[in-house]
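Colleague: give me a model of this one.
(one chain, ligands or ions: 1)
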Amino acid sequence: MASMMLFTDCSSSSAAAARLLPFCRHQIPDGGLVQLHRSARLQFGLSNPSSSRTFVTYTFPSPPLVKERKEGLGGGGCGVWEGGREKSISLLFIISSSKWGILKWCLITFTAYIITAAAGVSVEAAAKVIDGKKVAKEIRDEIATEISKMKDAIGVVPGLAVILVGDRKDSATYVHNKKKACESVGITSYEVRLSEDSTEQEVIKHITCFNNDPSVHGILVQLPLPSHMNEQNVLDAVCIEKDVDGFNPLNSGRLAMRGIEPLFVPCTPKGCIELLRRYGIEIKGKRAVVLGRSNIVGRPAASLLDGEDATVTVVHSRTQNPEEITREADILIAAVGRPNMVRGSWIKPGAVIIDVGINAVEDAKSPRGYRLVGDVCYEEASKIASAITPVPGGVGPMTIAMLLSNTLVSAKRAHHFV
Ligand SMILES: Nc1nc2c(c(=O)[nH]1)N[C@@H](CN(C=O)c1ccc(C(=O)N[C@@H](CCC(=O)O)C(=O)O)cc1)CN2
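Modeller: So this is what the prediction gives:
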């Protein structure tokens, strides 16, 4: 069966001129159902997309003809978007099957773009969505399979101990989700909950106990800790062999060094790299910018990107011209905790955006009274980037998947199981 990939040039970035970003890939499947692809958005002027009227072109193989297993099928259409919603779609043409079908399809589609360009409109494409929820599920399935093999072979299942101090609702939710994720893959979880006014010594006492328990292969202390505690003292107490969060300074130090491997890599940055890997996004030789320099995300993310041979710049609160530097990034990891800080104008056309921020913003329309947004203005960025993680459903689920992965690695290492 014929299969066709169609790409347009994405070299021009002038907003006034037509910008031809990558077309979606069209593959004529083997007689199966064909999905409609929104190939590009043709937007008049430079007005706010959520309030403007937008024309969208579509190209797609024609389903009835595909069923007949004929080659060279295609079509084109036009849709009208208003206020961020699709209002109508009208079919303009369908190319019937013929020897020259594919060629005709290309010609008509390119002609549509040229007409659009001549009319002085800008052409925008929607970025590919990097689906962290889906990838996290795939990883959990892989982990479950490995755990079941390990149990069958040596009768051992991994164990994860979680310590939660205080009454933060978000922390309680994350701990609950970690426990559920453990159950789903066959990891035994142990939980200690301590009151807000507990002492550092009490927390360390529990850590020591888990350090000495052979059925526990991973220990994590949910962060942030209450402000009266010294976080570093607590994290130092987790023995490096069970430090599945990778926050012990010995693991962080090893990660920062060239040619030396840490025992564990912190879960969120590891999840970012895994998303890039699973989506086939090349890192080597690319310019990467990391926004934020926290010990949990920014610093380890920069080390990991550097380890993958990217050229890395870290942008932080004291950086001059952050926008200009960010605009150089082929790969952008944003981890600053400031809602929608990165606007469309900060992004290089075709860049890959990994948004680590999870920020609650008031939203009277939402049943919770708030909604979650990232550090990147998704609405704007998704029109300029080539791929982007959503919030929620992007990096967040990967954090937990990587925790499960680290716990499995730890158990395998402890029992010399390969
Ligand atoms: N000891 C640690 N503490 C903290 C870590 C960590 O890795 N280790 N990271 C964050 C919190 N965190 C895990 O602990 C975490 C945050 C968010 C998500 C997640 O899946 N988010 C969802 C949205 C969830 C929602 O609706 O509220 C998403 O982004 O889709 C998982 C884990 C700080 N503390």
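Colleague: those residues of this structure touching the ligand, which are they?
Modeller: 173-174, 220-223, 245, 267-268, 358, 372, 391-393, 396-397, 399-400 (CB under 6 Å from any ligand atom). In short, each C-beta sits where N, CA and C put it, glycine included.
Colleague: list buried residues within those residues.
Modeller: 174, 220-223, 245, 267-268, 358, 372, 391, 393, 396-397, 399-400 (16 or more other CB atoms under 10 Å).
Colleague: which among those gets closest to the ligand?
Modeller: Gly396 (2.1 Å; CB to the nearest ligand atom).
Colleague: what packs against whatever helix or strand Glu324 lives in?
Modeller: Using DSSP states H and E, the element containing Glu324 is helix 322-326. Judged by 3 or more CB pairs under 8 Å, 6 or more residues apart in numbering; DSSP states H and E, helix 322-326 is in contact with strand 287-291, strand 311-315.
Colleague: 6 Å instead?
Modeller: Here helix 322-326 touches strand 311-315, going by 3 or more CB pairs under 6 Å, 6 or more residues apart in numbering; DSSP states H and E.
Colleague: okay, now the sheet partners of the strand it packs on, with direction.
Modeller: strand 287-291 (parallel) (DSSP bridges).
Colleague: any chance you could list what contacts the strand it pairs with?
Modeller: With contacts defined as CB atoms under 6 Å, 6 or more residues apart in numbering, strand 287-291 is touched by 298, 301-302, 305, 310-315, 326, 328-334, 336.
Colleague: show me what counts as buried in stretch 165-182.
Modeller: Val165, Gly166, Arg168, Ser171, Tyr174, Val175, Lys178, Lys179, Ala181, Cys182.
Colleague: what are the bridge partners for the first one, then?
Modeller: Bridge pairing for Val165 (DSSP bridges) gives the partners Leu194.
Colleague: that one reaches Leu194, doesn't it?
Modeller: Yes - taking contacts as CB atoms under 6 Å, Val165 lies within contact range of Leu194: 4.6 Å.
Colleague: where does the protein have low pLDDT?
Modeller: The chain contains residues with pLDDT under 70 at 1-102, 104-106, 108-109, 112-125.
Colleague: and whichever helix in the chain runs longest, what does it pack against?
Modeller: Using DSSP state H, we find that the single longest helix of the chain is helix 132-154. Under the contact criterion of 3+ CB pairs under 6 Å, 6+ apart, helix 132-154 touches helix 169-185, helix 395-414.
Colleague: from the chain's centre, how far out does it sit?
Modeller: Chain-centre distance of helix 132-154: 20 Å, with CA atoms, centre = their mean, to the nearest Å.
Colleague: what of stretch 182-198?
Modeller: Using CA atoms, centre = their mean, the offset of stretch 182-198 from its chain centre is 26 Å.
Colleague: show me what that stretch is in contact with.
Modeller: Contacts of stretch 182-198 (CB under 6 Å, 6+ apart): 140, 143-144, 147, 157-167, 179, 206, 226, 404, 407.
Colleague: buried set for that stretch?
Modeller: Cys182, Val185, Gly186, Ile187, Ser189, Tyr190, Val192, Leu194, Ser198.
Colleague: taking those residues together, which two end up most distant?
Modeller: The span of those, defined through CB to CB, is set by Gly186 and Ser198 at 30.9 Å.
Colleague: burial count for Glu202?
Modeller: Residues contacting Glu202 under the criterion other CB atoms under 10 Å number 16.
Colleague: name the element it belongs to?
Modeller: helix 200-211.
Colleague: give me the helices and strands touching the helix or strand just after that helix, please.
Modeller: Using DSSP H and E, the helix or strand that follows helix 200-211 in sequence is strand 218-221. Other elements packing on strand 218-221 under the criterion 3+ CB pairs under 6 Å, 6+ apart are strand 159-165.
Colleague: which residues sit against the strand it packs on?
Modeller: In contact with strand 159-165 (CB under 6 Å, 6+ apart) are residues 175, 178, 182, 187-194, 198, 206, 210, 215-222, 225, 407.
Colleague: which of the buried ones among the residues of the chain next to the ligand sits closest to Trp346?
Modeller: Val391 (16.4 Å).
Colleague: hang on, the earlier thing: buried subset of the contacts of strand 287-291?
Modeller: Buried among the contacts of strand 287-291 by 16+ other CB under 10 Å: 298, 301-302, 305, 310, 312-315, 326, 329-334, 336.
Colleague: returning to that earlier point: angle of the longest helix of the chain against helix 395-414?
Modeller: Calculated by axes from the mean of the first three to the mean of the last three CA atoms, to 10 degrees, helix 132-154 forms an angle of 20 degrees with helix 395-414.
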